[in-house]
Structure formats: structure tokens, C-alpha cells
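Student: please work out how this folds:
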Amino acid sequence: MPNQQQIQLDRVFHALGDPTRRAVLRRLSGGPAAVSELARPFKMALPSFTQHLNVLEECGLVRSRKAGRVRTYQLVPKPLKAAESWMVEQRSLWEKRLDQLDDYLMQMKEREE
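Tutor: Model (predicted):
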């Protein structure tokens, strides 16, 4: 049974799996922006675009604030750091496994000679 951290990580990777959402995060890395500014580069209806923003907000990658009629989004880096930590762990594991395979293959080659 997945724990809360695993569920959160799944949501983050789901959000990162879409190029539109990654582009929004890239833009927000430069600072907060209003929905209209974020949506401008994309050729889609505003309701479709706001669904992308909702996915990002639900997984905690962005936070929104409304001032009058303008909703502004900003990046929340903490979930990205959790995803990065997971990837670093996986990389370390696979590098170790590949090193073990390399050692094994070298031993096999030496035995053949």
C-alpha cells in the first residue's frame, strides 16, 4: 500500500509528464505570473489550460493567489526536490548495478583468455 510520500511523488511525476505543464513550471521558475500570461504561448482554450494549472496545484508544484480578478501562480520547489532525491537514489542504485555487471563481464573475459 503506497504511503502519502509515494502518492505525492506519483502526482509530481504525472504532472511533469506533460510538456505544457513542464513549460509552465519553466516559466514560473522566473517568478510569479498571472494565468493570462502563462496561457499566452499555448494554443488551447483557457478552460483546458486551467486544467493543467489545477494538476500542478493539486500536486503542490504551484500555488495560486487571487487579487481582484487576477489569479497569479508561483512555483513551489519542495515537491521538485523530493522528485530529484528519488531520481538521485535511482541513479545511484543503477550505477552500482552497472558497475557490478561490468566487473562480472571483465571476470568472464579474463577466464576466457
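Student: can you give me the neighbour number for F42?
Tutor: When counting by other CB atoms under 10 Å, one arrives at 14 neighbours for F42. Glycine gets a C-beta too; all of them are placed from N, C-alpha and C.
Student: check which helix or strand covers it.
Tutor: Element membership for F42, per DSSP states H and E: none, as it lies in no helix or strand.
Student: grab the nearest non-local neighbour of the spatially most central residue of the chain.
Tutor: In the chain, the residue lying closest to the centroid (CA atoms, centre = their mean) is L16, at 3.8 Å. Once flanking residues are discounted, L16 sits nearest to R22: 6.1 Å by CB to CB, 6 or more residues apart in numbering.
Student: now the one you found: how far from R91?
Tutor: R22 sits 20 Å away from R91, going by CB to CB, to the nearest Å.
Student: just checking, what's the longest helix in this protein?
Tutor: helix 78-112 (DSSP state H).
Student: and that one, what other elements does it pack with?
Tutor: The helices and strands touching helix 78-112, judged by 3 or more CB pairs under 8 Å, 6 or more residues apart in numbering; DSSP states H and E, are helix 4-16.
Student: report the angle between the axes of the helix it packs on and helix 78-112?
Tutor: 90 degrees (axes from the mean of the first three to the mean of the last three CA atoms, to 10 degrees).
Student: and the strand or helix carrying T20, what's buried?
Tutor: Assessed by DSSP H and E, T20 sits inside helix 19-28. Residues 20-21, 24-25, 27-28 are the ones in helix 19-28 that count as buried (16 or more other CB atoms under 10 Å).
Student: looking at that helix now, give me its mean pLDDT.
Tutor: Helix 19-28 shows a mean pLDDT of 97.
Student: export it as PDB, just CAs?
Tutor: The C-alpha trace of helix 19-28 is given here as PDB (Å, rounded to 0.1, in the frame of the first residue of the first chain):
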ATOM      1  CA  PRO A  19       5.100  19.200 -21.900                       C
ATOM      2  CA  THR A  20       2.600  22.000 -21.300                       C
ATOM      3  CA  ARG A  21       2.900  21.700 -17.500                       C
ATOM      4  CA  ARG A  22       6.700  21.500 -17.800                       C
ATOM      5  CA  ALA A  23       6.700  24.700 -19.800                       C
ATOM      6  CA  VAL A  24       4.500  26.400 -17.200                       C
ATOM      7  CA  LEU A  25       7.000  25.300 -14.500                       C
ATOM      8  CA  ARG A  26       9.900  26.600 -16.600                       C
ATOM      9  CA  ARG A  27       8.200  30.000 -16.900                       C
ATOM     10  CA  LEU A  28       7.300  30.100 -13.200                       C
END
